[in-house]
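sequence below, structure please.
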Amino acid sequence: MEIVETTSFKIVSTVRALRCALRGEREHEGDAVHSDSGERNTNEKLWFKESSAKNLRNRDFLAPNTVLATLYPDGQVPSTVLSRILTLRGCGVLPVAGCEVTSEGLRVTVDRCEAFRGVLCGTSAYLRSATQRQGRVLINCPALHAKQALPSPDTLSLGQLRTVLIADHLGALLRRQGYSVSFCPALPEESDINSFLRTLGVDWPAESIGWTSEEREEKMRNSLENCAYREREKEREKRWSREGMEAGHGGRREEVRINLKRVMEEMHLQGYDPSLGTCTVQREALCHLAQLDRATTDFPVSVATVLHVTSCQDEFRQQQTAMLWRASGATATQRLVVCGPVKTPGIQMSSAQYLQLKRAQMKEASEMKYGDQVEGQTWDDIIRVMTCATVRFELLSTVHTSPVTLEVQREGGVSTKGPRGGVFVMYNCARLHTLFSSYEKGVEQGLYPEVPAGSELDFSALKEEGEWLLLFNYLIPFSELLDQSAQALDLEGGGARVNLRTEQVCRFLVSLSKDFSSYYNRVHVLGPKAHWCCAALEVSDWHVFGSWCYRACGRMLHSDARPIQPSGGHASAVVLQETAH
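Residues are numbered from 1 along each chain as shown. Below is the predicted model of the structure:
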């Protein structure tokens with residue numbers, strides 16, 4: 001079941017309405033036509049949303065001349081079409097200010113004042129997914145399952161660490177879309193691996209050390225022993241029985257072999273490796289299945305989607321586990337999020353060594369600028385947060401199916417200047433934090449007004465090009481970006497693998513930070529002249545506007561990866577700002 005938000009502007013709704021107006025169709029008729037798999041479909045590019053600062057100076061959407069020549073024999077856009085575009089209305093459709101045929105094609109401009117008003121008076125709608133869903137998702141991370149021993153920071157490879165961070169990131173995304181999300185396996189509460197993940201801002205579920213899986217392992221073994229896909233070989237049974245009696249211990253329990261190919265064929269499962277044949281059930285697999293069984297105790301597994309987030313090296317083994325779980329009677333929809341390898345040319349490095357190196361590089365970069373000042377708890381907290389953000393961005397900002405190559409040589413260092421992923425995003429997040437602190441102090445001193453109700457704001461005061469670029473490229477599309485992971489899950493018949501495009505949020509935040517930084521370097525809203533030359537409502541408008549950017553950065557870098565306020569109060573944000581300058 002889906003609950004669709006209807007109150008916020010959406011780029012996709014606007015493009016759909018423009019497409020229908022260009023074709024002379026009613027919107028619901030256009031949707032019906034484009035739902036077919038024929039010549040016209042929803043991917044048809046009739047309109048292009050502009051994004052560059054140069055093009056946004058004179059247009060927001062463009063239907064190129066090649067499109068117009070295809071739709072109209074003489075290339076001339078009928079006046080009735082222009083009238084329809086100018087009067088566009090509808091759920092989620094941005095208000096149109098004008099349209100004009102130019103040498104590039106048909107361009108459309110949005111009523112920016114009304115768009116600012118609609119967005120900034122309801123910012124909460126733009127901080128959550130455009131479509132709220134109901135459902136249950138279990139995220140399973142094979143890298144954290146005990147094999148011969150529980151994984152530790154020293155045995156966890158960088159490829160496995162990448163799968164853990166992607167699993168954690170997916171959990172945050174799917175929760176924001178309305179899903180109830182749980183994780184597997186639970187880790188011992190006081191284990192080294194759990195403490196290590198907390199250092200990285202990963203809040204993985206924990207359990208008391210006293211829990212054992214033996215009872216559930218026996219349950220899963222019995223299910224597989226009695227399932228229809230078990231291979232039975234009478235000669236083998238006789239041999240095991242004879243050997244057991246000769247050994248004097250009353251019979252030895254025979255091994256269980258499951259025909260995975262039959263499971264795939266009879267359940268019509270697509271996208272699995274065709275070489276999956278007969279699999280002997282090992283203790284390691286039983287332990288894994290027991291954890292999955294335990295994780296689904298509190299809800300009907302038939303209504304759940306299980307995402308196995310695994311490395312490409314472990315994909316085959318995880319496909320075997322997924323088929324064994326099916327053979328045992330589990331009916332959950334299972335999909336694999338397969339992650340490419342992490343390469344460190346010239347050196348082998350564990351996750352613990354990688355984190356230690358990044359922390360040392362971050363501290364060294366700070367000491368080069370501030371010397372002996374880099375001591376004490378405040379600096380430790382700052383370096384921890386910056387290190388966490390750097391690690392997350394290095395491992396999350398590449399398409400999850402592609403390999404990641406890390407430059408981990410000591411002399412490479414960590415740059416705290418320029419658009420460098422997590423460091424740069426955290427710098428701009430701290431910059432906003434400091435800016436709002438200054439604003440609040442200015443309000444106390446009577447320099448700036450309190451933020452009034454939205455109906456009292458004059459949004460025409462937002463005239464800077466950078467302000468519209470930030471709204472049009474980031475504020476409005478953000479909720480649609482969050483929605484894309486769930487859209488991929490909704491696709492049926494997609495096979496075993498699913499591509500959830502986990503890199504998009506990192507890229508979005510880096511791009512947002514770059515454009516915000518460029519804007520802020522030109523427009524100092526609370527600069528020394530703001531006391532007498534900035535209109536009161538303009539300052540208030542910008543406060544509402546800038547707070548969205550701050551909340552977007554802070555919320556998507558969840559857990560500890562956000563601006564910090566240790567005992568030094570707001571001064572810590574200033575230090576953080578200067579550190580990354």
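
drop to CA atoms for contacts and neighbour counts, all remaining ones
OK.

dihedrals phi and psi, the residue nearest to the spatial centre of the chain?
Geometric centre of the chain, nearest residue: residue 502, 4.5 Å, by Cα atoms, centre = their mean. Main-chain dihedrals, residue 502, degrees, to the nearest 10: phi -70, psi -20.

same check, this time on residue 131
Dihedral angles (degrees, to the nearest 10) for residue 131: phi -120, psi 120.

what is the neighbour count of it?
20 (other Cα atoms under 10 Å).

show me what it is bridged to.
residue 4 (DSSP bridges).

how near is it to residue 490?
From residue 131 across to residue 490, the span is 12 Å (Cα to Cα, to the nearest Å).

wait, a helix at residue 13?
Yes - under DSSP: H, G, I helix; E, B strand; the rest coil, residue 13 sits within a helix.

make sure it is actually in contact with residue 91.
Yes - Residue 13 sits in contact with residue 91 when judged by Cα atoms under 8 Å, with a separation of 7.4 Å.

how about low-confidence regions in the stretch 451-581 of the chain?
In the predicted model, the stretch 451-581 of the chain carries pLDDT under 70 at residues 491-494, 525-581.

er, the stretch 1-150 of the chain I mean
Looking at the stretch 1-150 of the chain by pLDDT under 70, you get 1-7, 26-44.

what are the ranges of the strands in it?
2-4, 48-49, 61-64, 96-101, 105-110, 131-133, 136-140 (DSSP state E, counting those that start in this stretch).

then the fifth one to PDB, C-alphas only?
Just to be clear, that refers to strand 105-110. Taking Å, rounded to 0.1, in the frame of the first residue of the first chain, the C-alpha atoms of strand 105-110 are listed here in PDB:
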ATOM      1  CA  GLY A 105      13.300  25.400 -28.900                       C
ATOM      2  CA  LEU A 106      10.300  26.000 -26.600                       C
ATOM      3  CA  ARG A 107      11.500  27.300 -23.300                       C
ATOM      4  CA  VAL A 108       9.400  27.600 -20.100                       C
ATOM      5  CA  THR A 109      10.100  29.700 -17.000                       C
ATOM      6  CA  VAL A 110       8.700  29.000 -13.600                       C
END
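
tilt between that strand and strand 96-101?
When axes from the mean of the first three to the mean of the last three Cα atoms, to 10 degrees is applied, the directions of strand 105-110 and strand 96-101 differ by 170 degrees.

what strands line up against strand 105-110, and which way round?
Using DSSP bridges, strand 105-110 pairs in its sheet with strand 61-64 (antiparallel), strand 96-101 (antiparallel).

isn't residue 126 right up against residue 472?
No - in this structure, residue 126 is not within contact of residue 472 by Cα under 8 Å, at 11.9 Å.

need phi/psi at residue 475.
Torsion angles, degrees, to the nearest 10, at residue 475: phi -60, psi -50.

just to check, it is in contact with residue 126?
Yes - Residue 475 lies in contact with residue 126 (Cα under 8 Å); the separation is 6.5 Å.

need the overlap of contacts for the two.
Counting by Cα atoms under 8 Å, 6 or more residues apart in numbering, the residues touching both residue 475 and residue 126 are residue 119.

about what we covered before: quick one: closest of the strands of the stretch 1-150 of the chain to residue 447.
Across the strands of the stretch 1-150 of the chain, residue 447 has its closest neighbour in strand 105-110 (33.7 Å, Cα to Cα).

so how far is that closest one off the chain centroid?
Centroid displacement of strand 105-110 relative to its chain, using Cα atoms, centre = their mean, to the nearest Å, is 32 Å.

ok, residues contacting it?
58-65, 68, 94-101.

now with 10 Å, please.
Here strand 105-110 makes contact (Cα atoms under 10 Å, 6 or more residues apart in numbering) with 18, 22, 47-49, 56-69, 75, 77, 82, 85-86, 94-101, 472.

please pick the buried ones from those.
18, 22, 47, 49, 56, 59-65, 67-68, 77, 82, 85-86, 94-96, 98-99, 101, 472 (16 or more other Cα atoms under 10 Å).

dump the residue contacts of residue 284.
Neighbouring residues of residue 284 by Cα under 10 Å, 6+ apart: 145, 146, 147, 148, 217, 290, 321.

now with 7 Å?
Neighbouring residues of residue 284 by Cα atoms under 7 Å, 6 or more residues apart in numbering: residue 147.

domains for this protein, by residue range?
Domain assignment for the chain by automatic domain parsing gives 2-110, 131-189+201-342, 414-579.

between those domains, which one is closest to residue 393.
Within these, the stretch nearest residue 393 is domain 414-579; the backing value is 5.4 Å (Cα to Cα).

wouldn't residue 141 be in contact with residue 307 here?
No - look at residue 141 against residue 307 with Cα atoms under 7 Å: they stay out of range, at 8.4 Å.

next, count neighbours for residue 226.
Around residue 226 there are 12 residues (other Cα under 10 Å).

give me the phi and psi angles of it.
phi -100, psi 10.

quick check: closest non-adjacent residue to residue 442.
Among residues not flanking residue 442 along the chain, residue 448 sits closest, at 5.6 Å (Cα to Cα, 6 or more residues apart in numbering).

could you look up the SS state of residue 183?
strand.

same check, this time on residue 450
Secondary structure of residue 450, per three-state DSSP, is coil.

can you pull the buried residues of the longest helix belonging to the chain?
Counting by DSSP state H, the longest helix found in the chain is helix 422-444. Buried residues in helix 422-444, counting neighbours by 16+ other Cα under 10 Å, are found at 422-436, 439-440, 442.

so what's the residue count around the residue lying closest to residue 71 once chain neighbours are set aside?
Leaving aside its chain neighbours, residue 71 sits nearest to residue 23 (7.5 Å; criterion: Cα to Cα, 6+ apart). Here the number of neighbours of residue 23 (other Cα under 10 Å) works out to 14.
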